[in-house]
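Asks: Fold the following and give me the result.
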Amino acid sequence: MLTLREQLPPVPPAGYGDGYDWMESLFRTPWRPVGGTATHLYGDWPYVIVAYANVAATDDDDILMAPVYGLAVYQEGTVTATAFASRQARTQYVLKFHAIEDTEDDEQ
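Replies: Residues are numbered from 1 along each chain as shown. Just a heads-up that it's a prediction; the model follows:
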């Protein structure tokens, strides 16, 4: 049986350039950059980029695979990927390690 990490789609390497270049390379893959939520900013563009990929549950050749929720983080030229068994676990991890509280006042 495959591990959760082995079920993730390939993550583009950092390559040359900055985080914006890496984000551009994501658009040809299942990975999508995530800017944050209404209350938190994810990462610190273009130095730290957070991307998500969701892999649906499958039943391929009698191998039942659970859904996988992927997290890829570009950080100043280095890319890491982590797999989670639930969206909630992924979100909690991002909030703990890659989120900044958005304190910008929308009313000006």
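
Asks: which is the next helix or strand following the helix or strand of the chain with the lowest mean pLDDT?
Replies: Least confident element among the helices and strands of the chain, by mean pLDDT, DSSP states H and E: strand 63-65 (a mean of 70). Per DSSP states H and E, the first helix or strand lying C-terminal to strand 63-65 is strand 68-75.

Asks: Give the other helices and strands that that following strand contacts.
Replies: helix 19-26, strand 48-55, strand 78-84, helix 87-97 (3 or more Cβ pairs under 8 Å, 6 or more residues apart in numbering; DSSP states H and E). Where C-beta positions appear, they are placed from N, C-alpha and C, glycine not excepted.

Asks: Give the partner strands of it in its sheet and their orientations.
Replies: Strand pairing for strand 68-75, determined by DSSP bridges: strand 48-55 (antiparallel), strand 78-84 (antiparallel).

Asks: what's near enough to touch the closest residue to P46 other than its chain neighbours?
Replies: The shortest distance from P46 to any non-neighbouring residue, by Cβ to Cβ, 6 or more residues apart in numbering, is to G19 (3.5 Å). Residues in contact with G19 (Cβ atoms under 8 Å, 6 or more residues apart in numbering) are 43, 45-49, 74.

Asks: Try it again at 6 Å.
Replies: When contacts are counted by Cβ atoms under 6 Å, 6 or more residues apart in numbering, G19 is found next to 45-46, 49, 74.

Asks: pretty sure M23 is touching P33, no?
Replies: Yes: under the criterion of Cβ atoms under 6 Å, M23 makes contact with P33 at 4.8 Å.

Asks: Now do the shared contacts for those two.
Replies: Looking at what touches both M23 and P33 (by Cβ under 6 Å, 6+ apart), the common residues are I49.
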